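[1] task: produce atomic coordinates for the following.
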Amino acid sequence: MIKFSKERMMSVVTIVASLFILILLVLLPTGYEDAVIYQGADRTIGEIISTDNSMLVSTGLIQTGEQRCRVKLLGGKFKGEIVTAVNMLNGSLEQDKIFGSGDRAQVLISYEGDAIYSISMIDHYRLDKELILAGIFVVLLVLFAGTSGIRAVLSFAITILMIWKVLVPSCLKGFNPVLLGLMICLVLTVVIAVLVYGVHEKALAASLGSLLGIGMTALLGILFTGMYNIHGAVMPYSESLLYSGFSHLNLTSIFMASIFIGSSGAVMDLAVDITSSVWEVVEHKPEITWKEAARSGINVGRAAIGTQTTTLLLAYSGGYISLLMVFMAQGTPIYNILNYKYIASEILETLIGSIGLVTVAPFTALVCGLLFTRGIKKVHSSLSL
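    Residues are numbered from 1 along each chain as shown. Just a heads-up that it's a prediction; the model follows:
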């Protein structure tokens, strides 16, 4: 009963500490909140009453020109007013949007005093649907996993805020992306491991194994990015970033950091699986040697690596299905496809992430074997006395 109470108390302390970190991250300013282009403007939601498509020019699937929308403003300084807003189409199916009566949209209102200068249609309003989906995710996770689900939600939220409030603004300010990425991976690994296991040897073992794997991935990413002659402009919207006044940024370093940050989740997942498995083995067989315990962890890792590497492959390549269809439709030879830099960059990320997974298994198994056999034997020897 005492042991259960201590574990429960540590769980509560861990959750409270995580909530404190979460609140700090929420309150932490990025330094980019007051962008000049949004000063003197009101962002709100509007309901489309009617549309005028007479100034649109259609060329097959492509549409250009202006769509004029009568919009009832549902919030902000001019709530309740019915205004005319302009939706500019540039002939891009990827970025353009078409509105219809009854749609709800985000609108940007430029004004001075009580006079409205212009109203631009930003996009369809989706935040309410996103909140519903997030709510379903949280409820199902907590119902299924209980306290562990709450800790998982906290780790999820902390990860999002670390990326948005620390990684992104720090990169914009010119900090070294590789060192910054390693630091964030270190913090997140420790936080997530403690949320999963509490302040325990298992958290230490999972953290060390993950960090060794992430470190290996970072080294390979730095080495092979140069060997592949790949620069950071292969990342989506990277050129737009340069043209927005951030030409001083080293996009290649940001690309290097993205390699090990992108695979760090799978690395942590595998490290936690191996840690839990080795702990169970050692706890049920306290006399086991560290070599036997490590071998058990490696066997678990062998079984998990196949699915994990495939997971990485699907995650990285899923967004390129349409591009691969274009290549096939045009009859592009496979050796040409594999040599294009944007395809080579995906191959680079997938293979290096997979190598990180392969190395994290023996790293974590070895750390677990050394830590757990010593710790378990100390506990049993003290009980026997």
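[2] shaky segments in the stretch 51-200 of the chain?
    Counting by pLDDT under 70, not a single residue of the stretch 51-200 of the chain qualifies.
[3] just the helices in it please.
    Using DSSP state H, counting those that start in this stretch, the helices of the stretch 51-200 of the chain run over 127-145, 147-162, 168-172, 177-197.
[4] pick the most deeply packed of these.
    Among those, helix 177-197 has the highest mean neighbour count (mean count of other C-beta atoms under 10 Å), at a mean of 20. Bear in mind the C-beta positions are built from the backbone N, C-alpha and C, glycine included.
[5] which strands and helices sit next to that helix?
    helix 2-27, helix 147-162, helix 168-172, helix 201-227, helix 251-284 (3 or more C-beta pairs under 8 Å, 6 or more residues apart in numbering; DSSP states H and E).
[6] out of the ones you listed, nearest to residue 184?
    With C-beta to C-beta as the criterion, residue 184 lies closest to helix 147-162 of the helices and strands packed on helix 177-197, at 5.6 Å.
[7] so how far is that closest one off the chain centroid?
    The chain centroid and the centroid of helix 147-162 are separated by 12 Å, computed with C-alpha atoms, centre = their mean, to the nearest Å.
[8] in CSV, list the C-alpha atoms belonging to that helix.
    Listed in CSV are the C-alpha atoms of helix 147-162, where the atom choice follows Å, rounded to 0.1, in the frame of the first residue of the first chain:
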residue,chain,number,x,y,z
THR,A,147,-3.5,8.6,-16.0
SER,A,148,-1.1,7.4,-18.6
GLY,A,149,-3.4,9.0,-21.2
ILE,A,150,-3.3,12.3,-19.4
ARG,A,151,0.5,12.2,-19.3
ALA,A,152,0.5,11.4,-23.1
VAL,A,153,-1.7,14.4,-23.8
LEU,A,154,0.7,16.6,-21.7
SER,A,155,3.8,15.3,-23.6
PHE,A,156,1.9,15.9,-26.9
ALA,A,157,1.1,19.5,-26.0
ILE,A,158,4.6,20.2,-24.6
THR,A,159,6.1,18.9,-27.8
ILE,A,160,3.9,21.1,-30.0
LEU,A,161,4.7,24.2,-27.9
MET,A,162,8.5,23.5,-27.8
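[9] tabulate the helices and strands packed on helix 177-197 (TSV), appending distance to residue 112.
    TSV is the format used below for the helices and strands packed on helix 177-197 (distance: least, C-beta to C-beta, whole Å):
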stretch	distance to residue 112
helix 2-27	31
helix 147-162	35
helix 168-172	30
helix 201-227	49
helix 251-284	38
